[in-house]
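K.L.:
A predicted structure for the sequence below; I have some questions about it.
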Number of protein chains: 2
Amino acid sequence: MEFHIATTHGKARAGRLLTPHGEIETPVFMPVGTLASVKGVPQDTLEELGAQIILGNTYHLYLRPGVETIRRMGGLHGFMAWPRTILTDSGGFQVFSLNELRKVTEEGVTFRSHLDGSSHFFSPESAMEAQIGLGADIIMAFDECTEYPADRDRVRSSMELTARWAARSKKYFAEHKHQVPWGKSHQPSAVSRQQKQVPRFARNDNEESQNEQRTGNWQLGTGNLLTQSLFGIVQGGMDRDLRKESAERTIGIGFPGYAIGGLSVGEPRALTREIVESTLEHLPAEKPRYLMGVGTPEEIVEYASLGVDMMDCVLPTRAARHGLLFTSEGRVSIKQARYAQDQGPLDPNCACRVCQRYSRAYLRHLYASNEVLAQVLNTIHNLSFYLDTMRRVRHSISLGEVRFSF
Amino acid sequence: MEFHIATTHGKARAGRLLTPHGEIETPVFMPVGTLASVKGVPQDTLEELGAQIILGNTYHLYLRPGVETIRRMGGLHGFMAWPRTILTDSGGFQVFSLNELRKVTEEGVTFRSHLDGSSHFFSPESAMEAQIGLGADIIMAFDECTEYPADRDRVRSSMELTARWAARSKKYFAEHKHQVPWGKSHQPSAVSRQQKQVPRFARNDNEESQNEQRTGNWQLGTGNLLTQSLFGIVQGGMDRDLRKESAERTIGIGFPGYAIGGLSVGEPRALTREIVESTLEHLPAEKPRYLMGVGTPEEIVEYASLGVDMMDCVLPTRAARHGLLFTSEGRVSIKQARYAQDQGPLDPNCACRVCQRYSRAYLRHLYASNEVLAQVLNTIHNLSFYLDTMRRVRHSISLGEVRFSF
């Protein structure tokens, strides 16, 4: 993996992240595809929206369809037919969310499946093994997400456990990364299958397609783009000193990128921002910085201005399923009766295929009638809004503007 | 409306049906979009699949969002942003399906909403009023769908009621068809809005787009393409003589097209075929013939070979939601564990975007995980299979082949 910062303005940076499956312009928003699907949206639509990288959740994919099934198909890229970049979480946060169903020891976490109650065990080693099998371009160290609120002793011991697990994650990854289901020996199956069967790709002359072609060259020519990259995760709860210590210890272990984890766990938003800002001061400027699980459209702009390079959040996709839509004119709760006769587009300033074609009245009807198309169209629009927002943030940074205005 | 038969072979006919919103190649399969949505499939995907005409259900649209809402937006075309041809049923069959919730008199049908139990009344006049407000290109006379089994007296009286309602439907339509929400005074809003805002349409140089452009000319130049067309419906249960009498009486009233209704109501398939074949003998060769609510892929081929021009069925879309997929190699129940590791495409002979991109293993995973994308992709494939099947039927007829072989 390579990371190049092209422009900075204030603390904000605009750059490029080169991965085995494509070049990503940063700051980037990463749609969440928990079970190898961004709920309701076909992969070609995600490409059309300009999604450069998507997330998969190791915990969910480990349970269904299982790592071995995905590994045999060339990893997630082949399995879900997504030729661009993928990132997987380590399963740590997901297991943390299980609450009563988990037990943490030095060795790892015993947990029960939310599906059938069956018992499973994740350690730094088994979480790396799973993520190598899933074959995402970027994978995450196994960490403990500290609960909120927690007292200082608890936060310290949890942060220290995460640091020890980070070292074990790195060691296992270094010894086993050659087992990735794609690599020097063959092209990723998704890409090769697509290039063979989908002439659309050959015709596609937009920016993303050029990236893909360049990526092909890297795969053949550049050794360091033929393996996954493992990111470390900074914990430390809501304590600035412990965050600093966690950052230093994680940097001491050494990773090609650093994530800020353990936020958006119930704390006030102002506190989230404070912890993010202070933690960023301790992260190396030349490495990509990933803020996990954040946020609203306003927040992703704010965090990009503070120097975050990568963000992911279920908000645009989950809100879409509940009829909450983000627009340039503010939030729209499309279920409201006030939209029943509204012939205007959802967002008059949006170029997405939903806003170009359908009226608010139609979207309201689909939602009120429980039509599946409501979820599909709402999700497409919300993702478009998030991805457009980040595109404009990148543009603003490169122009040296003070702040991207909403 | 105009109907031209280009080729016949045996009883089969290949032709073209000219409607206010486009030219349709027949025989044609019409996907069902009950609530102004073909469940899970965006309109641009339907266009890409080559859907020439889709159905809306008057009963459902009357309840949600209501005829007046749709009328104000230029009818269904504007409301759902579908610039091609639309057909609506009369509500008769839907009300028939309500069973205990309806009461039939000479005047019409009193029924209770399946949504909230509220009481409503459909007559030939009110069903025409609703369908004029919805503004489909082809609308259907209000009929009584005779239950199966029924004794001969019951079938006769029901058939005679349908004949009297057909005359009332025609009379009301003749007096009110100028109230269609599109017409000489303005272009359909969906088309004009799209031409203004969606440059994709301008670039589109495939067959369908050419049809649309030609349609535009017709709308401006040809008076008879500026109004809806009302089709009559033949009833008569499973009695060949009563079917003959119903056909003769309906033809006596006079319609630009004739439908065969009252089938697929529980009778054996062999009986369906027998009644269709005998009824077709009594329909005028020069008018389009529409067999309602049929059928499997094998059946739509069979009925096209008997001289049916138009068919609709919920089977491809409903089966898709239950994981039942139609392929050139037979039915595939994608939920089965045997597909969990199957890297092959769903149908190796299918050019649809699903078969070109995804594996059976991925589709099985989506279905097993209750991912919404399963319904979206399964429906796209099944519709593609039906539409491709009809495309090949048309090709076979024009080549003078004996029978389209599966």
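P.N.:
Thanks, I have it.
K.L.:
CA only for contacts and neighbour counts going forward, please
P.N.:
Noted.
K.L.:
Leaving out the residues flanking it, which one is nearest to residue A:359?
P.N.:
Nearest in space to residue A:359, with sequence neighbours left out and distances taken as Cα to Cα, 6 or more residues apart in numbering or on different chains, is residue A:345 at 4.6 Å.
K.L.:
For chain B, see how far away that neighbour is.
P.N.:
11 Å (Cα to the nearest Cα, to the nearest Å).
K.L.:
who in chain A is up against chain B?
P.N.:
When proximity is defined by Cα under 8 Å from any Cα of the partner chain, chain A lies next to chain B at A:35, A:37, A:39-42, A:64-65, A:69, A:73, A:79-81, A:194, A:197-198, A:340-341, A:343, A:356-359, A:361-362, A:365-366, A:369, A:371-373, A:376-377.
K.L.:
can you map out the helices along the stretch 201-350 of chain A?
P.N.:
Along the stretch 201-350 of chain A, the segments classed as helices by DSSP state H, counting those that start in this stretch run A:207-221, A:240-253, A:269-280, A:297-305, A:315-321.
K.L.:
buried ones in the second one?
P.N.:
By neighbour count on 16 or more other Cα atoms under 10 Å in any protein chain shown, the buried set for helix A:240-253 is A:240, A:242, A:243, A:244, A:245, A:246, A:247, A:248, A:249, A:250, A:251.
K.L.:
Point out the other helices and strands that it packs with.
P.N.:
helix A:152-176, strand A:229-234, helix A:269-280 (3 or more Cα pairs under 8 Å, 6 or more residues apart in numbering or on different chains; DSSP states H and E).
K.L.:
Tell me how far it lies from the chain's centre.
P.N.:
Its chain's average C-alpha position is 22 Å from that of helix A:240-253, according to Cα atoms, centre = their mean, to the nearest Å.
K.L.:
Likewise for stretch A:251-258?
P.N.:
19 Å.
K.L.:
For it, which outside residues touch it?
P.N.:
Residues outside stretch A:251-258 that contact it (Cα atoms under 8 Å, 6 or more residues apart in numbering or on different chains): A:1, A:166-167, A:229-234, A:283, A:287-290.
K.L.:
Dump it to CSV, restricted to CA.
P.N.:
Written as CSV, here are the backbone C-alpha positions of stretch A:251-258 (Å, rounded to 0.1, in the frame of the first residue of the first chain):
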residue,chain,number,x,y,z
ILE,A,251,2.8,3.5,16.5
GLY,A,252,5.6,1.8,18.4
ILE,A,253,4.4,-1.5,17.1
GLY,A,254,4.2,0.0,13.6
PHE,A,255,1.5,-0.1,11.0
PRO,A,256,1.0,1.4,7.6
GLY,A,257,-2.2,3.2,8.8
TYR,A,258,-3.9,4.0,12.1
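K.L.:
Looking at the contacts of stretch A:251-258, spot the one nearest chain B.
P.N.:
residue A:229 (25.3 Å; Cα to the nearest Cα).
K.L.:
and the spatially closest residue to that closest one that is not a sequence neighbour, what pLDDT?
P.N.:
Distances taken as Cα to Cα, 6+ apart place residue A:138 nearest to residue A:229, at 4.9 Å, with adjacent residues excluded. pLDDT, residue A:138: 98.
K.L.:
isn't residue A:138 right up against residue A:86?
P.N.:
Yes: Residue A:138 is within contact range of residue A:86, at 6.6 Å (criterion: Cα atoms under 8 Å).
K.L.:
dump the residue contacts of the residue of the stretch 301-406 of chain A found nearest chain B.
P.N.:
Residue nearest to chain B within the stretch 301-406 of chain A: residue A:373 (4.5 Å; Cα to the nearest Cα). Listed by Cα under 8 Å, 6+ apart, the contact partners of residue A:373 are A:366, B:37, B:39, B:40, B:41, B:42.
K.L.:
next one: residue A:131
P.N.:
A:58, A:88, A:90, A:139.
K.L.:
one more time with 10 Å, if that's ok
P.N.:
By Cα atoms under 10 Å, 6 or more residues apart in numbering or on different chains, the contact list for residue A:131 reads A:56-59, A:61-62, A:67, A:71, A:75-76, A:87-91, A:125, A:137-141, A:173, A:177, A:180, A:228, A:230.
K.L.:
ok, now how distant is it from residue A:228?
P.N.:
9 Å (Cα to Cα, to the nearest Å).
K.L.:
Any idea how many residues pack against residue A:118?
P.N.:
10 (other Cα atoms under 10 Å in any protein chain shown).
K.L.:
Please read off the pLDDT at the spatially closest residue to it that is not a sequence neighbour from the model.
P.N.:
Nearest residue to residue A:118, sequence neighbours excluded (Cα to Cα, 6+ apart): residue A:112, at 5.3 Å. Looking at residue A:112, its pLDDT stands at 92.
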